[in-house]
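Engineer: model the structure of this input:
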Amino acid sequence: MNHAEIQGERIAYREAGQGTPVLLIHSLGTSSEIWEPTIAQLADKFRVIAMDCRGHGGSTNRGGFSVEAIAEDAHALMTKLGAERFHYAGISMGGLYGIKGYALARERFLSLTLADSFAAPNPMGPARVAQTREILAQSSMLEFGKSYVADTLLPTTASSLHQRIAEIIGSMKAADYMQTLEAIMVADVTRHLPEIEIPTLIV
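Structural biologist: Purely as a prediction, here's the structure:
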């Protein structure tokens, strides 16, 4: 792992390969580690950079979590690394940051890939936030991670991957998880969708 001081935060990131930069952003509760197979596949053709969002993986969360803050962190990191233009891929909440990041500096994006993501608040968001807060008041983050993985990953997924993702989620602070969840459940980037004028893949 590498680290960079960005906007008052210590941001962790993985980097491999050479060529046109590709920025990867993970989903809620996980980290850049989930991109390792993708990094291995892309690194022979691209310079791949996978960032840990605030409060996730090896990154701090000193200044608070918001969709705009993460988009700004990503831009600042890519600037520090000398990657002025780049392709972007994000999973789930990572899609929000891609859309917001494009709105902040569209000239930097070569393409967008938005996987299993969303652009508007979920009507069930308040209920999910309340339920998660109640669960975390009674269980550890590791227990929560195991339950989340059991509900989310396919039964055919390797048990070692089930365990590792549960451990990644389990390593988060409950307060950081809740702050992130609360931020993304009310995020709305739909007004930016008509502005997108670059190749975009929605998975």
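Engineer: please count neighbours and contacts with C-alpha atoms only from this point.
Structural biologist: OK.
Engineer: in stretch 79-99, what counts as buried?
Structural biologist: Within stretch 79-99, the residues that count as buried by 16 or more other C-alpha atoms under 10 Å are 83, 85-99.
Engineer: okay, and which of those residues map to helices?
Structural biologist: Secondary structure defined by DSSP state H assigns 93, 94, 95, 96, 97, 98, 99 of the buried residues of stretch 79-99 to helices.
Engineer: pLDDT score for the last one?
Structural biologist: According to the prediction, residue 99 has pLDDT 96.
Engineer: and the gap between it and residue 41?
Structural biologist: 24 Å (C-alpha to C-alpha, to the nearest Å).
Engineer: looking at stretch 140-152 now, give me its mean pLDDT.
Structural biologist: 94.
Engineer: I'd like the distance from it to the chain centre, please.
Structural biologist: Taking C-alpha atoms, centre = their mean, to the nearest Å, the mean C-alpha location of stretch 140-152 is offset from the chain mean by 18 Å.
Engineer: repeat for stretch 195-203
Structural biologist: The answer for stretch 195-203 is 18 Å, by C-alpha atoms, centre = their mean.
Engineer: straight-line length of it, end to end?
Structural biologist: End residues of stretch 195-203 are separated by 19 Å (C-alpha to C-alpha).
Engineer: if I look at residue 103, how far off is residue 68?
Structural biologist: Taking C-alpha to C-alpha, one finds residue 103 at 10 Å from residue 68.
Engineer: residue most distant from the centroid, this protein?
Structural biologist: Distance from the C-alpha centroid of the chain peaks at residue 138, with 26.1 Å (C-alpha atoms, centre = their mean).
Engineer: phi, psi of residue 110?
Structural biologist: phi -90, psi -30 (degrees, to the nearest 10).
Engineer: count the residues that sit near it.
Structural biologist: Residues lying near residue 110 (other C-alpha atoms under 10 Å) number 18.
Engineer: list the buried residues of the helix or strand where residue 68 lies.
Structural biologist: Per DSSP states H and E: residue 68 is located in helix 67-80. Within helix 67-80, the residues that qualify as buried are 67, 69, 70, 71, 72, 73, 74, 75, 76, 77, 78, counting by 16+ other C-alpha under 10 Å.
Engineer: and it, C-alpha only, in PDB?
Structural biologist: As requested, the backbone C-alpha atoms of helix 67-80 are provided in PDB (Å, rounded to 0.1, in the frame of the first residue of the first chain):
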ATOM      1  CA  VAL A  67     -19.800  12.300  -1.800                       C
ATOM      2  CA  GLU A  68     -18.200  15.600  -2.800                       C
ATOM      3  CA  ALA A  69     -15.300  15.200  -0.300                       C
ATOM      4  CA  ILE A  70     -14.400  11.800  -1.700                       C
ATOM      5  CA  ALA A  71     -14.600  13.100  -5.300                       C
ATOM      6  CA  GLU A  72     -12.300  15.900  -4.300                       C
ATOM      7  CA  ASP A  73      -9.900  13.400  -2.600                       C
ATOM      8  CA  ALA A  74      -9.800  11.400  -5.800                       C
ATOM      9  CA  HIS A  75      -9.000  14.400  -7.900                       C
ATOM     10  CA  ALA A  76      -6.300  15.600  -5.500                       C
ATOM     11  CA  LEU A  77      -4.700  12.100  -5.400                       C
ATOM     12  CA  MET A  78      -4.600  11.800  -9.100                       C
ATOM     13  CA  THR A  79      -3.100  15.300  -9.400                       C
ATOM     14  CA  LYS A  80      -0.400  14.400  -6.800                       C
END
